[in-house]
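**Student:** only geometry, no sequence info:
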């Protein structure tokens, strides 16, 4: 004899009221939409920037210092943990929220166009791109707003004045 447990519906749940099926259907419409003929496919192309009316893509970009992981005074390299918040609009990723009830979609970052960002003063040239950030999912909203918030660890080349170390103030710029 097996027993089934049912979970009561909670109206104050932090989860969106939409069904998984609605989100899956919306995902397919945005990324895999094809007509009857193959040449009518309107699939999303992550390699094309979301340019509208020949206007450059505007990316709101913020960085937050989280922690200094390590500092090597001889090489003047600082290992920092930083949190990046980037947001932009992609008109190809819009939908009617009242029609399907989906408040937002969370997708793998490899699925969507992301800005090409590079840390120029990285001490590790293989680590200068934001490739670590591609392990973080994106959140897409009905109006086409895309939010990307990866937490990254970087080795940053930072020339410092060491005369009063560790009691002085240092400034490291992220370029």
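**Tutor:** On my side now, so go ahead. What you see is a predicted model, and the numbers here were worked out from it, not measured in a lab.

**Student:** C-alpha only now, for contacts and for neighbours.
**Tutor:** Fine.

**Student:** which intervals of this protein have sub-threshold pLDDT?
**Tutor:** Along the chain, segments meeting pLDDT under 70 span 1-19, 33-42, 125-135.

**Student:** May I see the buried residues of the lengthiest helix in the chain?
**Tutor:** If you go by DSSP state H, the chain has its longest helix at helix 20-31. For helix 20-31, a neighbour-count test (16 or more other Cα atoms under 10 Å) marks 23, 26-27, 29-31 as buried.

**Student:** repeat for stretch 168-175
**Tutor:** Buried residues in stretch 168-175 (16+ other Cα under 10 Å): none.

**Student:** roughly how far apart are residue 93 and residue 154?
**Tutor:** 31 Å (Cα to Cα, to the nearest Å).

**Student:** Quick check: bridge partners of the residue nearest the centre of the chain?
**Tutor:** The centroid of the chain falls nearest to residue 148 when counting by Cα atoms, centre = their mean (1.9 Å). Bridge pairing for residue 148 (DSSP bridges) gives the partners residue 86, residue 138.

**Student:** Report the separation between it and residue 170.
**Tutor:** In terms of Cα to Cα, residue 148 sits 29 Å off from residue 170.

**Student:** ok, now residue 140?
**Tutor:** 38 Å.

**Student:** How about the contacts made by residue 23?
**Tutor:** 102, 105 (Cα atoms under 8 Å, 6 or more residues apart in numbering).

**Student:** change the start of the numbering to 44 and stick with it
**Tutor:** I'll keep to 44 as the first residue from here, and by that count the last item is residue 66.

**Student:** Would you check how far apart it and residue 142 are?
**Tutor:** For residue 66, the distance to residue 142 - Cα to Cα - is 12 Å.

**Student:** go on, residue 116?
**Tutor:** 58 Å.

**Student:** the more surrounded of the two?
**Tutor:** residue 116 (14 against 7; other Cα atoms under 10 Å).

**Student:** Now for residue 132: which residues touch it?
**Tutor:** Counted by Cα under 8 Å, 6+ apart, residue 132 has contacts 93, 100-101, 186-189.

**Student:** wait, residue 150
**Tutor:** So residue 150 contacts 180-183 (Cα under 8 Å, 6+ apart).

**Student:** how many other residues sit next to residue 210?
**Tutor:** 8.

**Student:** whoops, I mixed them up, residue 209
**Tutor:** By other Cα under 10 Å, neighbour count at residue 209 equals 8.
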